[in-house]
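Trainee: After the sequence you'll find the predicted model.
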Amino acid sequence: MSAHWECRMRPPKAHRMAFCWQQTGNSDMGTAGSRDLDADAVAAGWRITEIRPGSPSASSDLIPFFDFIIGAGDVVFTNDEKDMFRVIQDHIGKPLDFRVWNSMTQSVRECSITPSTWSGDGVLGLVIKYDDLDFDSTPPSIHVLDIFPNSPSSKAGLQAFDDYLLGTPEVVFVGLEEFDDVILNAPPPIRIFVYNRRSCTIRTIDLAPDCKWGGPGSIGCDVACGILHRIPTETRPVRYVSNGKASSTYTPGNCV
């Protein structure tokens, strides 16, 4: 696999940013390990890395990888998933207004979802990962450069220079180390979330690395990351285009 490495520095650690919301009325969602949204700063949240097709969240406006769930109602979630699960379980069958931070727009919005049992795991159908919020830069990614004809990358439908690889449901591509590890060790085909800067959409591809495909590397494309290859800032809304397929593997403990 060929790669152009511009910078081996990880994105800067998130500074703390205060989100102040006016609390209206009383809430029964206060739990141990949670904090009032208007009382504390938030520097991390639960990054959404997959929305399971057919789940209660499938019809929402949530965006994988760009969206973080940071709270619900007047409660902010911490890294203690038990407290978050308790809030969600207390609202089975009832709409729950989640506070969602988007790393592309650097803004917070509300997203209402009704937790409920369905044919899959969890009651929301989301795969999540506790992570620092992406302050000061667009989301981490791997920039797709030249793609060789008839390569695994070409067959997967990647678009040269316009596509950015975000990660899998289990791994966020912070840099080439994470990307290399997935390409070398994950069983093919690998479900990867991809952002396209022209269409301003996130989609999934199935990439099958193959060292015997007939050209250089196992995926047949050049990739890069670093300050010169960040996702460009965008004023248009980002859309998630689901293909109706879920990944075959994910960590059950991170599915809500």
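Mentor: Thanks, I have the structure now.

Trainee: Show me where the stretch 1-150 of the chain has its helices.
Mentor: 81-89 (DSSP state H, counting those that start in this stretch).

Trainee: Strands along that one, start to end?
Mentor: Counting by DSSP state E, counting those that start in this stretch, the stretch 1-150 of the chain has strands at residues 3-5, 17-18, 35-36, 41-42, 44-51, 67-72, 75-76, 96-102, 107-113, 126-132, 142-147.

Trainee: Pairing partners for the longest one, with directions?
Mentor: In the sheet, strand 44-51 lines up against strand 67-72 (antiparallel), strand 126-132 (antiparallel) (DSSP bridges).

Trainee: can you pull the buried residues of that strand?
Mentor: Within strand 44-51, the residues that count as buried by 16 or more other Cβ atoms under 10 Å are 44-51. For the C-beta atoms, the positions are set from N, CA and C on the backbone; glycine is no exception.

Trainee: got TSV for the residues you listed, with pLDDT too?
Mentor: Listed next are these as TSV, based on pLDDT from 0 to 100:
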residue	pLDDT
Ala44	92
Gly45	94
Trp46	96
Arg47	96
Ile48	97
Thr49	96
Glu50	95
Ile51	96
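
Trainee: State the pair within the residues you listed that is farthest apart.
Mentor: Greatest spatial distance in the buried residues of strand 44-51: Ala44 and Ile51, 20.4 Å, computed using Cβ to Cβ.

Trainee: So what's the residue count around Pro188?
Mentor: 12 (other Cβ atoms under 10 Å).

Trainee: That one contacts Cys211, doesn't it?
Mentor: No - Pro188 is beyond contact range of Cys211, at 11.3 Å (criterion: Cβ atoms under 8 Å).

Trainee: got a list of contacts for stretch 48-58?
Mentor: Stretch 48-58 is contacted by residues 60, 62-65, 67-69, 113-116, 118-129, 167-170, 172, 193, 240, 242, 244-247, 250, 255 when judged by Cβ atoms under 8 Å, 6 or more residues apart in numbering.

Trainee: Could you list the low-confidence segments of the stretch 151-256 of the chain?
Mentor: 244-253 (pLDDT under 70).

Trainee: What segments of it are strands?
Mentor: Under DSSP E, counting those that start in this stretch, the stretch 151-256 of the chain gives strands at 163-167, 190-196, 201-207, 221-225, 239-240.

Trainee: which helices and strands does the fourth one pack with?
Mentor: In this structure, strand 221-225 packs against strand 3-5, strand 142-147, helix 176-185, with contacts taken as 3 or more Cβ pairs under 8 Å, 6 or more residues apart in numbering; DSSP states H and E.

Trainee: Repeat the analysis, applying 10 Å as the threshold.
Mentor: Under the contact criterion of 3 or more Cβ pairs under 10 Å, 6 or more residues apart in numbering; DSSP states H and E, strand 221-225 touches strand 3-5, strand 142-147, helix 152-155, strand 163-167, helix 176-185.

Trainee: now, of the ones you listed, which is deepest in the fold?
Mentor: Most buried of the helices and strands packed on strand 221-225 by mean neighbour count (mean count of other Cβ atoms under 10 Å) is strand 163-167; its value is a mean of 25.

Trainee: gap between that strand and the chain center?
Mentor: Centroid separation for strand 163-167 versus its chain: 10 Å, with Cα atoms, centre = their mean, to the nearest Å.

Trainee: and the angle from that strand to strand 221-225?
Mentor: Strand 163-167 runs at 70 degrees relative to strand 221-225, counting by axes from the mean of the first three to the mean of the last three Cα atoms, to 10 degrees.

Trainee: elements contacting strand 163-167?
Mentor: With 3+ Cβ pairs under 10 Å, 6+ apart as the test, strand 163-167 has strand 44-51, strand 142-147, helix 176-185, strand 190-196, strand 201-207, strand 221-225 packed against it.

Trainee: Can you tell me which residue is spatially central in the protein?
Mentor: What sits nearest the mean C-alpha location of the chain, by Cα atoms, centre = their mean, is Phe65, with 1.6 Å.
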